[in-house]
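Trainee: Sequence first, then the predicted structure, then my questions.
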Amino acid sequence: MRRGRQQGIHGTGRAQRRALPVVAAVVTTAVGLAVIFGVETYDGLRNGQVVDAAPAASVAVHPLRIMALGSSSTAGVGSPATAGFRGPLESLLARDGTAFVMVGSQQSGPPSVPDRHHEGHPGWTMAQLQPLVAGWMKAQRPDLVLLQVGTNDLNNGVSAPATAARLDRLLTTIHGVSNAGVIVAGVWAPLRAHAQARADYQRLASAVVAQHRGRGEATTFVDASTLLGPGDLFDGLHPNTNGYRKIAAMWHREIRSFVATQH
């Protein structure tokens, strides 16, 4: 088991019976590579549409529909030039030759980020996301959700057990209307004023995810509590560009694992 990965998506039960549209082909020739966001990028995706980056490779691909769901870090507060982790993540996926589409009702980020769709709502707690998440899932039809929540709940004084209960309800709603896989990241912000609640939530959130996996739902938990250091923060709460690169690498690793389990 890799370090920092407590649960794995195995797609058991109902989630396993659905064959998710993912790509297994690796693009052998990439055109227009440049160094952006600290990783190699590409010219293969523009404005939410998949473009054939290697016309010579006659391989039918079905893009993985990815929804980044959360609050300000999902929107990219702290590093607007990279759209937070979304720009570096898209570059990493493109480097692999993974066909994907970012989905969500929101759009933000610079033109250098090929696909700017997401479901990040700065400042929102899970209580605010809850009434709308079913509609977003039905409208956007993601295959995989990158879920990072809990920071605003804890920072507003909500207890760790109550925050974990909100996560449980959110996951129940997501899995009730969709067969999408869900990768749940723990809280990466330090939250020094709520350090004990943060630590308790990490443990409780992992247990909540394990319960959902036990029901056959494709869900995994990643402990991100030690992912960022003091030099990775923009304002003590939000990551800076370097911090978002680390987050992008974490998501990338988990997405690759998710794709591998679907074949």
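Mentor: Received the coordinates, thanks.

Trainee: give the contact list for Gly104.
Mentor: Met67, Ala68, Leu69, His117, His118, Glu119, Gly120, Trp136, Gln140 (C-beta atoms under 8 Å, 6 or more residues apart in numbering). Quick note: C-beta positions are derived from backbone N, CA and C, even for glycine.

Trainee: Could you do Lys246 as well?
Mentor: Neighbours of Lys246 in contact, by C-beta under 8 Å, 6+ apart: Leu227, Leu228, Asp232, Pro239.

Trainee: can you redo the residues you listed as TSV with pLDDT and secondary structure?
Mentor: TSV is the format used below for those (pLDDT from 0 to 100; DSSP: H, G, I helix; E, B strand; the rest coil):
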residue	pLDDT	secondary structure
Leu227	96	coil
Leu228	96	coil
Asp232	97	helix
Pro239	97	strand
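
Trainee: Considering these, which possesses the most neighbours?
Mentor: With neighbours taken as other C-beta atoms under 10 Å, the top of those is Pro239, carrying 26 neighbours.

Trainee: Tell me if I'm right that Arg245 and Leu89 touch.
Mentor: No: using C-beta atoms under 8 Å, Arg245 makes no contact with Leu89, being 9.3 Å away.

Trainee: Comparing the two, which shows the higher neighbour count?
Mentor: Leu89 (29 against 23).

Trainee: So the more buried one: helix, strand or coil?
Mentor: Three-state assignment for Leu89 (DSSP: H, G, I helix; E, B strand; the rest coil): helix.

Trainee: Wait, it touches Trp251, no?
Mentor: Yes: with contact defined as C-beta under 8 Å, Leu89 counts as touching Trp251 (5.3 Å).

Trainee: Which one of the contacts of Lys246 is nearest to Val259?
Mentor: Leu227 (21.6 Å; C-beta to C-beta).

Trainee: list the contacts for that closest one?
Mentor: For Leu227, the contacting residues are Gly4, Trp188, Lys246, Ile247, Met250, by C-beta under 8 Å, 6+ apart.

Trainee: Is it correct that Gly120 is in contact with Leu69?
Mentor: Yes: contact criterion C-beta under 8 Å: Gly120 and Leu69 qualify, at 7.4 Å.

Trainee: the more surrounded of the two?
Mentor: Leu69 (26 against 22).

Trainee: now that one: how far from Thr125?
Mentor: 13 Å (C-beta to C-beta, to the nearest Å).

Trainee: what is in contact with those two at once?
Mentor: Val149.

Trainee: and the closest residue to Ala180 other than its chain neighbours, how many neighbours does it have?
Mentor: Spatial nearest neighbour of Ala180, chain neighbours left out: Pro142 (4.8 Å); criterion: C-beta to C-beta, 6 or more residues apart in numbering. Counted with other C-beta under 10 Å, residues neighbouring Pro142 total 24.

Trainee: Leaving out sequence neighbours, find the closest residue to Asp235.
Mentor: Using C-beta to C-beta, 6+ apart, the closest residue to Asp235 is Gly78 (6.7 Å).

Trainee: quick one, helices of the stretch 1-150 of the chain?
Mentor: 13-17, 72-75, 86-96, 126-140 (DSSP state H, counting those that start in this stretch).
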